[in-house]
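Undergrad: Could you work out the structure for the sequence below:
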Amino acid sequence: MNTKQKVVVEEVPGNFPEKRFRAGAVSATVWRNKTKEGNGEYHTVAIERCYKDKDDNWQTTNSMRTNDLPKANVVLQKAYEFIVLNEQELFKGEV
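TA: Presented below is the predicted three-dimensional model:
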């Protein structure tokens, strides 16, 4: 019996992560977004923790355990630095 499944990759137009920072099971993902009017951009950051459930399947959550908080602090700081430094590069020649 063949138990292999075919994986289909579908490209969906839209937003893709700009950068992901990871410390152990905790990650912060930086997203670049366009305003509804289309004349500007802004960033958002999503934070999540990966874990295996009782069936040994990988899951994600936005809830952090106490021991995850230092890692969350590190990845959020790196995300912030990435956004700020990139914005500085963007606006360098405009002053």
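Undergrad: all helices for the chain, in order.
TA: For the chain, the helices defined by DSSP state H cover 69-90.
Undergrad: and the longest strand belonging to it, what other elements does it pack with?
TA: Ranked by residue count and defined by DSSP state E, the top strand of the chain is strand 41-52. With contacts defined as 3 or more CB pairs under 8 Å, 6 or more residues apart in numbering; DSSP states H and E, strand 41-52 has these neighbours: strand 26-34, strand 58-61, helix 69-90. In short, each C-beta sits where N, CA and C put it, glycine included.
Undergrad: Quick check: buried residues in the second one?
TA: This means strand 58-61. Using 16 or more other CB atoms under 10 Å as the test for burial, strand 58-61 gives no buried residues.
Undergrad: List of residues touching that strand?
TA: Residues outside strand 58-61 that contact it (CB atoms under 8 Å, 6 or more residues apart in numbering): 48, 49, 50, 51, 52, 53.
Undergrad: Thank you kindly, that will do.
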